[in-house]
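**Q** let's see this in three dimensions:
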Amino acid sequence: ARSYRLVEGLFHIIKQTLSKGEDVHIAGFGRFQTRFRWARPGRNPSTGEKIILPSHRTVTFRTSARLRKKLNGTRPR
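**A** Numbers count the residues shown, from 1 in each chain. A predicted model of the protein is given here:
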């Protein structure tokens, strides 16, 4: 229960920070960033109908070099 509250609290802080448009950097893990995506043409994959996808903000995550090296089996320097 204690670890659940800790993780939920961390996610709450990350969500608040991203909603302000700020990046979240966790050393040795990665970076969460918000990106703005302009409206663009698209299509409904079920019907093939052409539609306009509205502009919106989205969250991206980029892993740190240290985590990438660990995931790929090499040791970080």
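**Q** rest of the way, CA atoms for contacts and neighbours
**A** OK.
**Q** by mean pLDDT, flag the weakest helix or strand of this structure.
**A** Among the secondary structure pieces of the chain, namely its helices and strands, helix 65-71 has the lowest mean (mean pLDDT, DSSP states H and E), a mean of 91.
**Q** which strands or helices does that helix pack on?
**A** Helix 65-71 sits against no helix or strand, with contacts defined as 3 or more CA pairs under 8 Å, 6 or more residues apart in numbering; DSSP states H and E.
**Q** quick one: contacts of stretch 42-54?
**A** Defining contact as CA atoms under 8 Å, 6 or more residues apart in numbering, one finds that stretch 42-54 is touched by Trp38, Ala39, Arg40, Pro41.
**Q** thought the first one was touching Thr58?
**A** Looking back up the chat, that one is Trp38. No. Look at Trp38 against Thr58 with CA atoms under 8 Å: they stay out of range, at 10.8 Å.
**Q** can you pull up the bridge partners for the most centrally placed residue in the chain?
**A** Residue closest to the mean C-alpha point of the chain, counted by CA atoms, centre = their mean, is Thr60 at 3.2 Å. Thr60 has these beta-bridge partners by DSSP bridges: Gln33.
**Q** quick check, it in contact with Gly30.
**A** No. Using CA under 8 Å, Thr60 is not in contact with Gly30, being 10.4 Å away.
**Q** hmm, back to that, chain center to the least confident helix or strand of the chain: distance?
**A** In terms of CA atoms, centre = their mean, to the nearest Å, the gap separating the centre of helix 65-71 from the centre of its chain is 17 Å.
**Q** using CSV, write out the CA atom coordinates for that helix.
**A** Extracted in CSV, the C-alpha atoms of helix 65-71 (Å, rounded to 0.1, in the frame of the first residue of the first chain):
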residue,chain,number,x,y,z
ALA,A,65,21.6,6.7,-23.1
ARG,A,66,22.3,4.8,-19.9
LEU,A,67,19.0,2.9,-20.0
ARG,A,68,19.3,2.2,-23.8
LYS,A,69,22.8,0.7,-23.2
LYS,A,70,21.4,-1.5,-20.4
LEU,A,71,18.5,-2.6,-22.5
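**Q** buried residues of it, list them for me.
**A** By neighbour count on 16 or more other CA atoms under 10 Å, the buried set for helix 65-71 is Arg66, Leu67, Arg68.
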